Structure formats: C-alpha cells, structure tokens
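Here is my input, please return the structure:
(one chain, ligands or ions: 2)
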Amino acid sequence: MSKVYFTDLRTTPNRNLLDKLVDLINRSKIERKIRNNDLVAVKVHFGELGNTAYLRPVFLRSIVRRLKEAGGKPFLTDTNTLYTGSRSDTVSHLTTAIHNGFDYSCVECPLVIADGLRGRSGAIIPIAGEVLKEVHIAKEIADADALVAITHFKAHELSGFGGTLKNIGMGCATREGKLVQHSTVAPRVNPNICKGCKLCQSYCPRGAITVASGKASISGSKCIGCGECTLICPFHAIEVQWNESPDIFQKKMMEYALGALKGKAKKSLFINFVIQVSPACDCYPNNDAPIVRDIGILASDDPVAVDAASCDMVNNEVSLPSTAIKRTLAKGEDKWRALFPQIDWNIQLDHAQRLGLGTRKYTLTKI
Ligand code: SF4
Ligand code: SF4
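Numbering: from 1, shown residues only. Ligands and ions are numbered 1, 2, ... in the order given. Take a look at the predicted model:
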C-alpha cells in the first residue's frame, strides 16, 4: 500500500488553502528527497492561451517557497507541444506562460522550457518497457536532481483521465518522444495546403522530404519521426497522423513516465489538484464546464497511487448538471467512460503498476 495525503477545500481565516497545501508537502517529508542545492524540476502545464483551467500560479509559489526552504533550487518547467499552438516553441511557450501569470514576480523562480528552443533537446534513456526500449526525455528534466510534478487532474480523450502519470509521461517527452507515443507512421503533407516553399526540406535532419512539382512529400522509410517539419511549415501543411491505438498510446505514455523518473525514484513528489475537473486536456484553447464538484488536493511519493486515488474520488462523486456528461451519474458510476466510452483508462494504471512505477493500492490520509 502506498500513502496518499489529501486535503479538502474547506478553509478558515487561520488556515487557508495555501497553508493546507504546504501541510501536504510537509507530510510528504520533502527534506528527505531534496539535498542542498538540488536543481528541482517542478513539472507543470502553463495552459494553452484561452484555457482557464490550468493551475493558478499562486499555488506554485507556495510550493516553490517550500522547496527553497528544503534547500532546493526549483524551476518551473514544461516541454514544447507536438501540435502547432501557443506553446510549440520556447519563445511562444514562455510568452504564453507569462501571459497566464507564471512570471518570476509571482512564482519566485525561473521558468525553463526543458526541451530547448524548438523541442530538439533531449536525452535518450534506455528502459525495459513492454513496447519501447528507449525514450526521449527533455534534457533539462533528465538533468535535474529531483522532480516534483504538479498536476491539474482532468479528463482526457485518449487516456480517459489525465493526471500525474500523463503529466510526466507525455509532458516530459521531447517532440520526437511525443510523436512516438501518438503515431506509428511519418507525418503527412497535405498537398492542398503545401506551397512548395521547401522550408521543411531544409530542416529535415534525415533528408526524408522531397519537393517535386511544387508539392512536398515525406519518405516513411527515411523519416525518424522527430516531428520537426510539423512545426516548421509556415502554412501548417504537415500533419501528425494521430493513429496510435488508445491502448498502446497509454502503455507508451507509462513507459515514458518510467524513463522520466529513472534515477529519481526517491527524489520525486506528485501532487494532483482535483479541482475544475474539465472534460478535456488543458492543451485546448478553451475548457468546458467541470464534470464534478471541486474535491481537493492529493500528494504522494507514488505516481500510480496518487492517480488511482484521484480517479476513485472523481468516480465517487455525483456528476454535475449541464456538462459534457449528458445525464447525471451517481456516485460510483464511471465518469471517464461516460465521456469516452471507447477508452479503457485502467490500462495506464495497470501498465504503470506492471512497470514498477507504483501501486494502485493506497491508504488515504486526510489532513
Ligand atoms: S514547408 Fe510546408 S509549404 Fe513549404 S514545402 Fe514544406 S510542406 Fe510545403
Ligand atoms: S518528422 Fe523529422 S525526420 Fe520525419 S520528415 Fe519530418 S523533419 Fe524529417
């Protein structure tokens, strides 16, 4: 059994939610995980522009202060996205983060986009996975001494729910690593959009792109799946083929989590905010109404246990009216399946458990 600590959202003038959050971290014995001057990667999601469900920066400030007190040198971090959006290169990503409130004056630590200017900076980490034998993890996260993952817990269309394990598995991968998880084939050029400008050809590190008769095409046998061209095309003519099956996608994501945590087993902490549980990822430029009431904050050394407990708590709620869930679901009914009937979200928890990332069995201690 793994220990999961939980606080609900009830507060008093003498003990506000930030105080309760620090209590949670204290119960997790942060001093045992962080040595003096450890560089601590605090993995967050800064939110796509237009999304308002991402975590409030003031929560991060409380966590950052506590990590500094413990002797660490924290930095807030995330990786560039695979799709083209407001966080697909480091300049846009940092600008978005600051627009969303994550600047130094608020969070009191630097922001580092962990996979470099264009998402190329990674470390290849060997793993003994069922599907993968190596993973591509963002360099600055791989190089950090410790990892604290702070996650907004919500639903996700490919994995049922998106929690700590997804924040680490997908969120710590380079663009190449994200593409491996999402797709089994090379990106595709849409000939109706391509202008034949040859920019992609000049960027491709493997010479996989040719331009003939004013249209680019990609050789599947030469492409290594770095994803570079999908970002570089000024007309967005190159598309990821999001064809991986949800079952294998979840397994790969857990194997990426295994790689991201390699060497950090006793140097990590996982915190889920089960508030504003939206029906889709914070990568969208919007967020639909929360599907259950705000529940609280959970913390654990075990990334599987903290997600399992968060999942169970959501499923033990009555669903709210007027949300993406069409009919009111009772306590105990599966909210993730109601949103995405074709997705078996248990796969990610079971596979993570098999990989030795943690256990679904937990004891919940309310503080
Ligand atoms: S960069 Fe885009 S528009 Fe230019 S050749 Fe490549 S696919 Fe076509
Ligand atoms: S994904 Fe990378 S290797 Fe493949 S075609 Fe695009 S740039 Fe070239």
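
How about whichever residue of the stretch 251-367 of the chain sits closest to ligand 2, nearest residue that isn't a chain neighbour?
Residue nearest to ligand 2 within the stretch 251-367 of the chain: Lys252 (17.1 Å; Cβ to the nearest ligand atom). No exception for glycine: its C-beta is placed from N, CA and C like everyone else's. Distance criterion Cβ to Cβ, 6 or more residues apart in numbering; nearest residue to Lys252, sequence neighbours excluded, is Gln181 at 4.5 Å.

got a pLDDT number for that neighbour?
Model confidence at Gln181, given as pLDDT, is 90.

Based on its surroundings, how many neighbours for it?
By the criterion of other Cβ atoms under 10 Å, Gln181 has 24 neighbours.

Tell me who's in contact with it.
Going by Cβ atoms under 8 Å, 6 or more residues apart in numbering, Gln181 touches 169-170, 173, 244, 249, 252-253, 256.

What of Cys194?
214-216, 233, 235, 237.

which of the residues you listed come close to ligand 1?
216, 233, 235, 237 (Cβ under 6 Å from any ligand atom).

hmm, which two among those are most spread apart?
Ala216 and Phe235 (10.4 Å; Cβ to Cβ).

Between those two, tell me which one has more neighbours.
Taking other Cβ under 10 Å, Ala216 and Phe235 do not tie; Ala216 has more neighbours (24 against 12).

Which secondary structure element is home to the more buried one?
Using DSSP states H and E, Ala216 maps to strand 215-218.

Wondering if the helix or strand that that strand is followed by reaches ligand 2 at all.
As assigned by DSSP H and E, the chain's next helix or strand after strand 215-218 is helix 228-232. Yes - residues of helix 228-232 are located near ligand 2 by Cβ under 6 Å from any ligand atom, namely 228-229.

circling back: tell me the least confident of the contacts of Gln181?
Ranking the contacts of Gln181 by pLDDT, Glu244 lands last with 83.

what's the burial count for that residue?
Counted with other Cβ under 10 Å, Glu244 comes out at 20.

who touches the residue of the stretch 201-350 of the chain found nearest ligand 1 in this structure?
Ranked by Cβ to the nearest ligand atom, the top residue of the stretch 201-350 of the chain for proximity to ligand 1 is Cys233, at 3.2 Å. Cys233 is in contact with 194, 199-200, counting by Cβ under 8 Å, 6+ apart.

how about a cut-off of 7 Å?
Cys233 makes contacts with 199-200, as judged by Cβ atoms under 7 Å, 6 or more residues apart in numbering.

now swap in Thr174 and tell me
Thr174 is in contact with 79, 115, 119, 122, 136, 138, counting by Cβ under 7 Å, 6+ apart.

Can you tell me the element Leu60 falls in?
Going by DSSP H and E, Leu60 is in helix 57-69.

Identify all contacting residues around that helix.
Taking Cβ under 7 Å, 6+ apart as the rule, helix 57-69 contacts 18, 21-22, 25, 30, 34, 40, 42, 44, 74, 76, 101-102, 106-109, 148, 150.

one more time with 6 Å, if that's ok
18, 21-22, 25, 40, 74, 101-102, 106-109 (Cβ atoms under 6 Å, 6 or more residues apart in numbering).

what comes up buried for that helix?
Neighbour-count burial for helix 57-69, counted by 16 or more other Cβ atoms under 10 Å, picks out 57, 59-67.

related to what we said a few turns ago, for the contacts of helix 57-69, which one is nearest Gly356?
Closest approach to Gly356 among the contacts of helix 57-69 (Cβ to Cβ): Val40, at 23.3 Å.

what about that closest one, how many neighbours?
Val40 has 28 nearby residues by other Cβ under 10 Å.

Quick one: residues contacting it.
Each residue near Val40 by Cβ under 6 Å, 6+ apart is listed here: 67, 72, 74, 146.

any idea which of those is closest to ligand 2?
Closest approach to ligand 2 among the contacts of Val40 (Cβ to the nearest ligand atom): Ala146, at 32.1 Å.

Skipping adjacent residues, who's closest to whatever residue of the stretch 1-150 of the chain ends up closest to ligand 1 in space?
Residue nearest to ligand 1 within the stretch 1-150 of the chain (Cβ to the nearest ligand atom): Thr84, separated by 11.6 Å. Closest residue in space to Thr84, ignoring its immediate chain neighbours: His236 at 5.7 Å, by Cβ to Cβ, 6+ apart.

Next: Tyr104.
In this structure, Tyr104 finds its nearest non-sequential neighbour in Pro110, 6.8 Å apart by Cβ to Cβ, 6+ apart.
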